[in-house]
Every structure is written in structure tokens, then in C-alpha cells.
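[1] Make a model of this:
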Amino acid sequence: RAGPAAAAVPSRPPETGRRLQCVIGVADAVATADWYRRVLGCQVVVTMPEYGWVELSTPVPGVTLGLTEAAGIGGAVLDFSVDDVERMRGVLAANGVTVTEPVTAIAGVARFLRGHDPDGNQLMFFEPCDGTGEAW
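    Numbers count the residues shown, from 1 in each chain. Modelled structure (predicted):
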């Protein structure tokens, strides 16, 4: 049943297939959305400032990132596939994140880099093995 509160929620095009929304608590949803835009190229899908909410697209089809000021900060780990973890280390550094841990690897699987967003949420980036069987 649609009530007055429902009218404030922006309409969306019909969804097809399944999707995943990863929600994390942040101190400032708008500022954090800008950070994810700069670092991962995410775009704003929905903004509801009266609820402290911003939803972002991600580089993964069917997966969105929900930023909420209503929950506690921290606790989620988001894991993103990237082409080059060393390049991502540079992107993180250029956007105010110091990564002190070394890149780790699972031979024949992937290389991994851990970092955090400005609100302390842990992020992991992985560079899949190129399929040649080369050990990292």
C-alpha cells in the first residue's frame, strides 16, 4: 500500500534478474559516495538525503552499494576484482588511503590488496590469475 512516505522514494525502472546490494554504514553518505566515484568509478543511482542514504552503481553488473548514515560505521568487507592491484594501491593513495600491508597472493588464483574507505570499512581488491598457470 502506498502511503505518504512511499511518495518520497524515487521510482526505478523494473528490475530484471537478480541483484545484490552491499550496504555499509558511513558517517557522511554524500562524501563517501564521492570517494567511491573517484576510486572505483561508481555512479549515484538513488539519493535520499532525508534518510541519510545514497545508492551507487558498481563495476559489477547487478551489484549496487548502499551507503547509510543510519547504521553503525564499519563491519562490511567488500571485495572487488581489479586488473592490477599495484595500480589500485596508487589509486587508493591518491585518494587519501595509506595501504601498509603488502600484496598477498595465492599461487595460480589471485593477488590481494587490503585497504579501507574513509569511514574505516575494510576493502579488498583481487587481481585474478591470468589463466596461464604462472605463479605470482
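[2] Going by C-alpha atoms from here, please, whenever you check contacts or count neighbours.
    Will do.
[3] Strands of this protein, start to end?
    Taking DSSP state E, the strands of the chain run over residues 20-25, 44-48, 53-57, 63-68, 77-81, 104-106, 110-116, 122-128.
[4] Of all the ones you listed, which one comes closest to residue 34?
    Proximity to residue 34 (CA to CA) singles out strand 44-48 among the strands of the chain, at 8.9 Å.
[5] List the buried residues of that closest one.
    For strand 44-48, burial by neighbour count (16 or more other CA atoms under 10 Å) applies to 44, 46, 47.
[6] How about the contacts made by the closest residue to residue 38 other than its chain neighbours?
    Closest residue to residue 38 apart from its sequence neighbours, by CA to CA, 6 or more residues apart in numbering: residue 95 at 7.6 Å. By CA atoms under 8 Å, 6 or more residues apart in numbering, the contact set of residue 95 is 35, 38, 39.
[7] Burial check on the second one, number of neighbours?
    Applying the criterion other CA atoms under 10 Å, we find 15 residues in the vicinity of residue 38.
[8] now residue 111
    Counted with other CA under 10 Å, residue 111 comes out at 21.
[9] next one: residue 125
    23.
[10] State the pLDDT value of it.
    Listed pLDDT for residue 125 reads 90.
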